[in-house]
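**Student:** structure here, sequence nowhere to be found:
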């Protein structure tokens, strides 16, 4: 791979050593002309990462279709022909979240607007169906079949619940602001909250106080619930890659707990974790992109069947990927890999859920 035109001179521009071929044997710099076209600024980045000699694509092929292969190769010392695990994870993570943030066919505002329109339509429908005349006409239809009776029962239940529905819409009106009556755990003002905290001191207050102060701050700013939700979602989305990166060593720690400490170092589990998380992000990106492609195709039964079957196959493969990779990397029996995999699934489910709760709490505190 060459980034540009080779120099006729044989002296390295970086260290001054003699360069017999393309690269300096002393510092490794490529002996090319220092002045390059402007577009090379972008092509160099792509070339440096994807390595058109096959390093990147070989890594992706093994990552997707050879569970555990990359980890075994790296731990065996065969590292030059593959992308470094940390670099691989960071690149895939960047691409995944960049695409998610870049492609948004329906904005958050549009979602709320559509919800408001749908809510109004439902309320109007409920008001029309409340008419005794309409219900009388429906009931007068003779004879009523089984399907007609079920449909009528659903309509009547909808009408009965319409009052509750109206109350729910009013309570969750996202366009409304935090009113004077809005309270945090029964306290409408910051002074009321502080007064109660002084009369009832507790070590839990130091954890609760930041959330209470943030609530009263948002209330004072008089912003709508819709704006609060949008800002909360944006902050949480931007913090999610950080949360995943933080969870990497935690996942590796759980692996370390269940394996021989003399045979497997924490470093080994870290490499396995980087490859596994890279696979998960890559498979999520592929499924997301595939869904976008299918959305462009005609909506018919065959296309929907192919999409459903494809999604099912990819999901099943993603679920068994860990067991295959674990079996091949740790040379464990299939039953043991399944046993360890199930235990780790539940442990990581609760641990990551706890991390997500912390992420949401942090996102709320970062609202401005």
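**Tutor:** Yes, it's here. Worth saying up front: this structure is predicted, and the values here are computed from it rather than measured.
**Student:** check residue 55 and give its pLDDT.
**Tutor:** Per-residue confidence (pLDDT) for residue 55: 82.
**Student:** mind listing what it touches?
**Tutor:** 81-83 (C-beta atoms under 8 Å, 6 or more residues apart in numbering). Where you see a C-beta, it was placed from the backbone N, CA and C, and this is true even at glycine.
**Student:** for ChimeraX, write the selection for the buried entries among these.
**Tutor:** To isolate the buried ones among those in ChimeraX, judged by 16 or more other C-beta atoms under 10 Å, type:
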select :82,83
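**Student:** can you give me the end-to-end span of stretch 327-341?
**Tutor:** By C-alpha to C-alpha, to the nearest Å, the extent of stretch 327-341 from end to end equals 10 Å.
**Student:** what does that stretch contact?
**Tutor:** Residues outside stretch 327-341 that contact it (C-beta under 8 Å, 6+ apart): 67-69, 71-72, 75, 258-259, 264, 272, 322-323, 326.
**Student:** the strands in the stretch 151-300 of the chain, which residues?
**Tutor:** Assigned by DSSP state E, counting those that start in this stretch, the stretch 151-300 of the chain shows no strands.
**Student:** any weak-confidence spans in it?
**Tutor:** For the stretch 151-300 of the chain, residues meeting the criterion pLDDT under 70 lie at 151-181.
**Student:** before we move on, back to that, which one of the contacts of stretch 327-341 is nearest residue 224?
**Tutor:** Closest approach to residue 224 among the contacts of stretch 327-341 (C-beta to C-beta): residue 322, at 43.1 Å.
**Student:** ok, the closest one - how many residues close by?
**Tutor:** As a burial measure, residue 322 scores 21 neighbours (other C-beta atoms under 10 Å).
**Student:** do the same with residue 347
**Tutor:** Neighbour count for residue 347, taken as other C-beta under 10 Å: 15.
**Student:** which residues sit in contact with it?
**Tutor:** Residues in contact with residue 347, defined by C-beta under 8 Å, 6+ apart, are residue 254.
**Student:** ok, residue 191 to residue 204 distance?
**Tutor:** To residue 204, residue 191 is 20 Å away according to C-beta to C-beta, to the nearest Å.
**Student:** try residue 25
**Tutor:** Computed with C-beta to C-beta, the distance linking residue 25 and residue 204 is 64 Å.
**Student:** who has more neighbours, the two?
**Tutor:** Counted by other C-beta under 10 Å, residue 25 and residue 204 do not tie: residue 25 has more neighbours, with 11 against 8.
**Student:** export the contacts of stretch 327-341 as JSON lines, with columns for distance to residue 6.
**Tutor:** Putting the contacts of stretch 327-341 into JSON lines (distance: C-beta to C-beta, whole Å) gives the following:
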{"residue": "67", "distance to residue 6": "41"}
{"residue": "68", "distance to residue 6": "40"}
{"residue": "69", "distance to residue 6": "35"}
{"residue": "71", "distance to residue 6": "37"}
{"residue": "72", "distance to residue 6": "37"}
{"residue": "75", "distance to residue 6": "37"}
{"residue": "258", "distance to residue 6": "52"}
{"residue": "259", "distance to residue 6": "49"}
{"residue": "264", "distance to residue 6": "45"}
{"residue": "272", "distance to residue 6": "40"}
{"residue": "322", "distance to residue 6": "46"}
{"residue": "323", "distance to residue 6": "49"}
{"residue": "326", "distance to residue 6": "46"}
